[in-house]
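**Q** model the structure of this input:
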Amino acid sequence: MDALEAIRTCRAMRHLRQDPIPEETLRRVLEAATCAPSPGNSQGWDFVVVRDPARRGRLAALLREGVQPLLPPVAPVGEGDPSRRRMLASAHHLLDHLEGVPVWVLVCGRPVYPAGKPSPDWIGSAVYPAAQNLLLAARALGLGATFTTYHMPREAEVRALLGIPEEARIVVTIPLGWPDRPFGPVRRRPLSDVVHWEGW
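**A** You can find the predicted model right below:
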């Protein structure tokens, strides 16, 4: 698949089938994530991959307990912003089907840059490009995924479950699986709204 096509059709996929992902496919996605740029080539990322059904079940329970009270209800059809309604309906679907997600990838970052005085302020500049590469590689291979921060309300418990060290920041929690909905073009604001030529 052409890189630009992957970018233009990399929708947030929250409707995922339970079918397993072959290990070779998963490794290709993770390798693509590690090809991302990072400050000073510091590569301060780690990926916690959760496939074991029992562990996925415990993770799903923690995520649901944390997110369910915070997720707004879906507005009735015809009310409110249709785009927001679709997004919330999709988020609720994912929340209701967390146990069925075949693979969870928690993208974490450690303070490793600058070498002489590591600062957590630089973690995002390494982790987010790696996470985006992961999404684009998944799309190119026919997999669906999305960024979530579902770990945040129960982060301490998620850390304990997965043995994530205190120095590592969980930045993105990504459900990964074969999509149960079609891919299509992403909807974004036009360039004229966001591009400022030669200055703001």
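**Q** the longest strand seen in the chain packs against which elements?
**A** Determined from DSSP state E, the single longest strand within the chain is strand 169-177. Packing partners of strand 169-177 (3 or more C-beta pairs under 8 Å, 6 or more residues apart in numbering; DSSP states H and E): strand 103-109, helix 123-140, strand 144-145, helix 155-162. Every residue, glycine included, has its C-beta placed from N, CA and C.
**Q** how far off helix 123-140 does it point, in degrees?
**A** Using axes from the mean of the first three to the mean of the last three C-alpha atoms, to 10 degrees, the direction of strand 169-177 lies 10 degrees away from that of helix 123-140.
**Q** show me how far whichever helix or strand comes after strand 169-177 is from its chain's centre.
**A** Counting by DSSP states H and E, the next helix or strand C-terminal to strand 169-177 is helix 191-194. Its chain's C-alpha centre and that of helix 191-194 lie 26 Å apart, by C-alpha atoms, centre = their mean, to the nearest Å.
**Q** and the residue nearest in space to the middle of the chain, how far is that from H15?
**A** By C-alpha atoms, centre = their mean, the chain has its centre lying nearest to F147, at 2.5 Å. Using C-beta to C-beta, to the nearest Å, F147 is found at 16 Å from H15.
**Q** over to E31?
**A** E31 is 26 Å from H15, by C-beta to C-beta.
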